[in-house]
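1. just need the structure, nothing else, for what follows:
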Amino acid sequence: MPSSQAAGAVAAEELRPCTLGQLALYFLRLGTLGFGGPIALVGYMQRDLVEERRWLSKEDYRQGLALAQLAPGPLAAQLAIYLGWVRGGIPGATLVGVAFVFPSFLMVLALSAVYVQFGGLPWMRAVFYGVGASVLAIIARSVQKLVTLTLARDFVLWTVFAVSAIVTAWTETEVVWLFLASGIAVMLLEMARRGQTIVATHAIVALPLWSMTGMTGPAHSSTLWTIAWYFAEAGAFVFGSGLAIVPFLHGGVVMHFHWLNDQQFLDAVAVAMITPGPVVITVAFIGYLVAGPAGACVAALATFLPCYLFTIIPAPHFRRFAENATLKAFVNGVTAAATGAIAGAALVLARRTLLDVPSILIALTTLGLLVQARKIPEPLIIVAAGVVGIVLRGAAG
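-> This is a model prediction of the structure:
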């Protein structure tokens, strides 16, 4: 049983027993009330499960965090799935993963229904007028944090970041192959530095019409297959946590498929940030707008299934490779490219969204609050920006 390997650096007698049910209830609560994005969520897990309750060892937590960082997909969800695997194998990983993601999925589903029902009304457009500008500032702040955390003074990583940002801003889409090339390039440089030798069906039609009805009416059944394939790619190829998925989604959802416009896309990001749990749950909102509740379910399942598989398949063997420097170099290169892509996507969205003085002022004020008053929760800032939007549009109208 995986938990038998759990002691690691922490003596077994220091751990306290917990059942799989208790662990699942903890993650159900964290998925319901855990705000703050992936970094905050993994911090809650360490504090609650390792330091205070002592249900899991520091070694298990550290190994899980390393695996979540190495694999594509949402960081917090992958760490939760790994910790569930440690406690109860594949059934434990499945139960904890569902408990963690399901609350935020339900909340996003409810918000999607309200958005589709009332999105055309002036007061809701005014809300998201303010929210969109605020979210742009939050994305910019996220880029600054990621740069500080991942690039440091490494010239190679800064070069990868700059190239990725310029390519994304220029092409207005995320180039997945650039991510992989960045990871391989940094990995090869690391190997060279260390002197290593380099060796070369249509059953969906049966769904009721209302379940596939988004903003523009009922979607065709083929759209659900497109959603499934596209969001599975997002779950399988996007490295980095939280907002790292934004450039990929913007390139596909807005630029390629034209499912949403820029404002609707920013609204989707905002909805994910004002709800608890993983930020990547924004895919459910997008799926709902395109193809109703069925689209939301397909998008969420397609996005989270790869990260679930990327966790439970390598988990039994991961300890042997966790400290591999070559593998870490590959991930560093991919992470630098992902950070650059977020910066490029923020520039693209800013060019199209910050079109007047009030929206620019909202973005700058949000950025100032995030930098100077770090304890203000981001969901509270987004709600305040929505109120400002109503006031400004009400005064103008």
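
2. all strands of the stretch 51-200 of the chain, in order?
-> Using DSSP state E, counting those that start in this stretch, no strands are found in the stretch 51-200 of the chain.

3. ditto for the stretch 201-350 of the chain
-> 213-214, 217-218.

4. partner strands of the last one and their direction?
-> Here the strand partners of strand 217-218, with direction, are listed using DSSP bridges: strand 213-214 (antiparallel).

5. list the contacts of the strand it pairs with.
-> Applying Cβ atoms under 8 Å, 6 or more residues apart in numbering, the external contacts of strand 213-214 come out as 116, 219, 288, 289, 290, 291, 292, 295. In this view, the C-beta of every residue, glycine as well, is placed from N, C-alpha and C.

6. tell me which of the strands of the stretch 201-350 of the chain lies nearest to residue 253.
-> When the strands of the stretch 201-350 of the chain are compared by Cβ to Cβ, strand 213-214 sits nearest residue 253, at 12.3 Å.

7. now the closest one: mean pLDDT?
-> Mean pLDDT, strand 213-214: 76.

8. and stretch 324-339, by the same measure?
-> In this model, stretch 324-339 has a mean pLDDT of 73.

9. ok, now stretch 154-172?
-> The average pLDDT within stretch 154-172 is 82.

10. swap in stretch 351-368?
-> Average pLDDT, stretch 351-368: 82.

11. do the same with stretch 232-242
-> For stretch 232-242, mean pLDDT is 74.

12. could you do stretch 266-282 as well?
-> Mean per-residue pLDDT for stretch 266-282: 79.

13. that stretch: how far from the chain's middle?
-> Between the centre of stretch 266-282 and the centre of its chain there are 9 Å (Cα atoms, centre = their mean, to the nearest Å).

14. let the chain start at 144 from now.
-> Shifting the count to begin at 144 puts that one at stretch 409-425.

15. show the end-to-end separation of that stretch, please.
-> Distance between the boundary residues of stretch 409-425 (Cα to Cα, to the nearest Å) amounts to 10 Å.

16. one step back: just the buried subset of the contacts of strand 356-357, written out for PyMOL, thanks.
-> Burial among these is assessed by 16 or more other Cβ atoms under 10 Å; the matching PyMOL selection reads:
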select buried, resi 259+362+431+432+433+434+435+438
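
17. okay, who's weakest in the contacts of strand 356-357 by pLDDT?
-> Among the contacts of strand 356-357, residue 362 has the lowest pLDDT, at 80.

18. quick check: that one touching residue 432?
-> No. Using Cβ atoms under 8 Å, residue 362 makes no contact with residue 432, being 10.1 Å away.

19. give me the common contacts of those two.
-> Joint contacts of residue 362 and residue 432 (Cβ under 8 Å, 6+ apart) are residue 438.

20. contacts only, for the residue lying closest to residue 189 once chain neighbours are set aside.
-> Excluding the flanking residues, the one nearest residue 189 by Cβ to Cβ, 6 or more residues apart in numbering is residue 204, at 5.8 Å. For residue 204, the contact set (Cβ under 8 Å, 6+ apart) comprises 188, 189, 192, 193, 226.

21. how close does residue 204 sit to residue 190?
-> 10 Å (Cβ to Cβ, to the nearest Å).

22. before we move on, back to that, could you work out the most separated pair of the contacts of strand 356-357?
-> Of all pairs drawn from the contacts of strand 356-357, the greatest distance, 12.3 Å, lies between 259 and 362 (Cβ to Cβ).

23. now for those two: what residues contact both?
-> Common neighbours of residue 259 and residue 362, using Cβ under 8 Å, 6+ apart, are residue 435.

24. do a quick rundown of the helices in the protein.
-> For the chain, the helices defined by DSSP state H occupy 163-176, 180-188, 201-213, 218-261, 265-293, 298-314, 319-336, 364-380, 389-392, 405-416, 425-455, 468-496, 500-515, 521-539.

25. how far does the last one sit from its chain's centre?
-> Translated: helix 521-539. For helix 521-539 - counting by Cα atoms, centre = their mean - the centre lies 25 Å from the chain centre.

26. same check, this time on the shortest one
-> On the basis of Cα atoms, centre = their mean, the separation between the geometric centre of helix 389-392 and that of its chain is 10 Å.

27. show me what it is packed up against.
-> On a contact count with 3 or more Cβ pairs under 8 Å, 6 or more residues apart in numbering; DSSP states H and E, helix 389-392 meets helix 364-380, helix 425-455, helix 468-496.

28. so how many other residues sit close to residue 261?
-> Per other Cβ atoms under 10 Å, the neighbour tally for residue 261 reads 12.

29. what does the model give it for pLDDT?
-> With respect to pLDDT, residue 261 has a value of 78.

30. now do it against residue 278, distance only.
-> 19 Å.

31. again with residue 204
-> For residue 204, the distance to residue 278 (Cβ to Cβ) stands at 31 Å.

32. same deal with residue 394?
-> Here residue 394 is placed at a distance of 17 Å from residue 278 (Cβ to Cβ).

33. the two: who's more crowded?
-> A count of neighbours by other Cβ under 10 Å puts residue 278 above the other of residue 394 and residue 278, at 32 against 21.

34. could you check how far the closest residue to that one other than its chain neighbours is from residue 276?
-> Closest residue to residue 278 apart from its sequence neighbours, by Cβ to Cβ, 6+ apart: residue 413 at 4.8 Å. From residue 413 across to residue 276, the span is 10 Å (Cβ to Cβ).

35. ok, now residue 287?
-> Per Cβ to Cβ, residue 287 is found 17 Å from residue 276.

36. settle it for me: which of those two has more neighbours?
-> Counted by other Cβ under 10 Å, residue 287 and residue 276 do not tie: residue 276 has more neighbours, with 27 against 14.

37. make CSV out of the contacts of strand 356-357 and add distance to residue 313.
-> Listed next are the contacts of strand 356-357 as CSV, based on distance: Cβ to Cβ, whole Å:
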residue, distance to residue 313
259, 34
362, 32
431, 31
432, 28
433, 27
434, 31
435, 35
438, 31
